[in-house]
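Chemist: Please find the sequence and the predicted model below.
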Amino acid sequence: MKFATKTIHAGITPDPTTGAIMTPIYQTTTYVQQAPGEHKGYEYSRSQNPTRDALQKNLAALENGKYGLCFASGLAATDAVLKTLSPGDEVLSTNDLYGGTYRIFTKIFMQYGLKFTFITMTDAGLLEQYINENTKLIWVETPTNPMMHIIDIRAVVKLAKKRNIKVVVDNTFATPYLQRPLDLGADLAMHSVTKYLGGHSDVIMGALVLDDDNWAQELEFIQNASGAISGPQDCFLALRGIKTLHLRMQRHSENAAAVACALREHQRVDKVYWPGFEDHPNHEIAKQQMDAFGGMISFTLKGDDVEETKKLMQKFKYFQLAESLGGVESLCGHPATMTHASIPREERIKSGLLDSLIRLSVGIEDKEDLIDDLNQALRER
Ligand SMILES: *Cc1c(COP(=O)(O)O)cnc(C)c1O
């Protein structure tokens, strides 16, 4: 089955009772048993639910993996992965990481004896010097947020495999339509389904996809034992969103390319961060491991003035000022005052996160309208 067919058919069968073509929302906590212990594979909805099952199978198929697991949020999925580690274990991670992932690593799991080291992973060679006998996991996020660095998944996997270290890739920005980490050798693909997979800014959800039988069993145990599951209504919405994932990602990528090029031409714009540019430092790797460059762009303004940036962002009509990304509608964010406000200014500036940096989640509206919107906001008063 090819990708576009999988989005619609993988894991989904008409309802056996009625023939309903859409997976029903099995809004039930429990299932009647014929005799004590004799049931149809469903006992209690924390453990199993048919709507969630369909979504889990669908996600596994999209990532070319054996097992899919859904959670109440992206961070709940991350939480489950970390719970498979033991005190003393070390995790190597990209330094340019989703803020919530950084927070759960440092504010929650450090207390339980896990150790985290944050490094630049764009040069995989650097990674080697940080690996030691306690390193159990390498956590990769690519493209990164908001600087749009690209990490070479194959190069990281090559180093990790030699030492039996597992590699997790947060595949939220790219989605399996553009990048399939398991095919590149990674052990697990993690998702905030909240973003492109759901695609309509109406569901908070997370997912994990992997091949390893033992690790999957452990994660299934945690999914049930810790209980941060996704509800049937949310699973239905995610299934519905995924049916158009391929179409949306094509359009997101096409629109982002047009917006990136238009921004680059503008005299008030300083830098545009988009991995599709040939002079992007990681463009070659992006081309190898992604099928297109996705819908995320960041840019800075000449003069780098924070007040001017804030004023400009309030003039956008279609790029709504909001956190999150990946929905059909375009959004803009100001990392310095929003998602990355907790990082001290000096540290922030060092990693290129300037006061005027604006992050765009380019939606699937008409690209000319989007470019007009940016141009009218950028016009000097
Ligand atoms: C949003 C996001 C997360 C966290 O997901 P939630 O669904 O908000 O818990 C993790 N990684 C990336 C890259 C994200 O964008």
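Modeler: Arrived safely, thanks for sending.
Chemist: Confirm for me that His280 is in contact with Trp274.
Modeler: Yes - judged on CB atoms under 8 Å, His280 makes contact with Trp274 at a distance of 6.7 Å. Every residue, glycine included, has its C-beta placed from N, CA and C.
Chemist: Those two: who's more crowded?
Modeler: Ranked by neighbour count (other CB atoms under 10 Å), His280 and Trp274 place Trp274 first, with 25 against 20.
Chemist: residues touching the more buried one, list them.
Modeler: Neighbouring residues of Trp274 by CB atoms under 8 Å, 6 or more residues apart in numbering: Met148, Ala256, Ala257, Ala260, His280, Phe293, Met296, Ile297, Ser298.
Chemist: ok, 6 Å please
Modeler: Counting by CB atoms under 6 Å, 6 or more residues apart in numbering, Trp274 makes contact with Ala260, Ile297.
Chemist: Use 825 as the first number for this chain going forward.
Modeler: Got it, the first residue is 825 from now on, which makes the last one we talked about Trp1098.
Chemist: what's the distance between it and Gln1200?
Modeler: According to CB to CB, to the nearest Å, Trp1098 stands 21 Å off from Gln1200.
Chemist: The ligand contacts on the stretch 975-1124 of the chain?
Modeler: Asp994, Thr996, Phe997, Ser1016, Thr1018, Lys1019, Ile1028, Gly1030 (CB under 6 Å from any ligand atom).
Chemist: Who wins on neighbours among those residues?
Modeler: Ser1016 (28 neighbours).
Chemist: picking that back up, nearest to Ala904, of the residues of the stretch 975-1124 of the chain next to the ligand?
Modeler: If you rank those by distance to Ala904 using CB to CB, Gly1030 comes first, at 8.6 Å.
Chemist: does the closest one really touch Phe895, like I thought?
Modeler: Yes - contact criterion CB atoms under 6 Å: Gly1030 and Phe895 qualify, at 4.2 Å.
Chemist: Find the residues that touch each one of the two.
Modeler: Ala901.
Chemist: I'd like the residues of the stretch 975-1124 of the chain next to the ligand written out as a markdown table, with distance to Gln953 added.
Modeler: Converted to a markdown table, those look like this (distance: CB to CB, whole Å):
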| residue | distance to Gln953 |
| --- | --- |
| Asp994 | 23 |
| Thr996 | 28 |
| Phe997 | 27 |
| Ser1016 | 30 |
| Thr1018 | 35 |
| Lys1019 | 33 |
| Ile1028 | 38 |
| Gly1030 | 32 |
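Chemist: Restricted to helices, list the residues you listed.
Modeler: If you go by DSSP state H, these have nothing in helices.
Chemist: Just flag the most distant two among those.
Modeler: Going by CB to CB, the pair spanning these furthest: Phe997 and Ile1028, at 17.0 Å.
Chemist: Give me the nearest residue to Ile1046, chain neighbours excluded.
Modeler: Ala904 (4.6 Å; CB to CB, 6 or more residues apart in numbering).
Chemist: gap between the one you found and Ala1049?
Modeler: 10 Å.
Chemist: Neighbour count for those two, which is higher?
Modeler: Ranked by neighbour count (other CB under 10 Å), Ala904 and Ala1049 place Ala904 first, with 23 against 11.
Chemist: how about the residue in the stretch 875-1024 of the chain that the ligand sits nearest to, what does it touch?
Modeler: Closest approach between the stretch 875-1024 of the chain and the ligand, counting by CB to the nearest ligand atom: Gly898, at 2.2 Å. Residues near Gly898 by CB under 6 Å, 6+ apart: Ser1016, Gly1030.
Chemist: Give me the pLDDT for the residue nearest the centre of the chain.
Modeler: In the chain, the centroid-proximal residue (CA atoms, centre = their mean) is Thr996; its distance is 1.4 Å. On pLDDT, Thr996 comes in at 98.
Chemist: pretty sure it contacts Lys1019?
Modeler: Yes - with contact defined as CB under 6 Å, Thr996 counts as touching Lys1019 (5.2 Å).
Chemist: Touching, Leu1006 and Asn888? I think so.
Modeler: Yes - between Leu1006 and Asn888 a contact is recorded at 5.5 Å, counting by CB under 6 Å.
Chemist: And those two? Which one has more around it.
Modeler: Leu1006 (21 against 16).
Chemist: Quick one: the strands in the stretch 825-974 of the chain, in order.
Modeler: Counting by DSSP state E, counting those that start in this stretch, the stretch 825-974 of the chain has strands at residues 891-895, 914-918, 939-943, 959-965.
Chemist: Quick check: which of those is buried the most?
Modeler: strand 891-895 (a mean of 25; mean count of other CB atoms under 10 Å).
Chemist: Which neighbours in the sheet does it have, and how are they oriented?
Modeler: strand 1030-1034 (antiparallel) (DSSP bridges).
Chemist: Name the residues that touch the strand it pairs with?
Modeler: So strand 1030-1034 is contacted by 883-884, 887, 889, 891-895, 897-898, 900-901, 1012-1017, 1040 (CB under 6 Å, 6+ apart).
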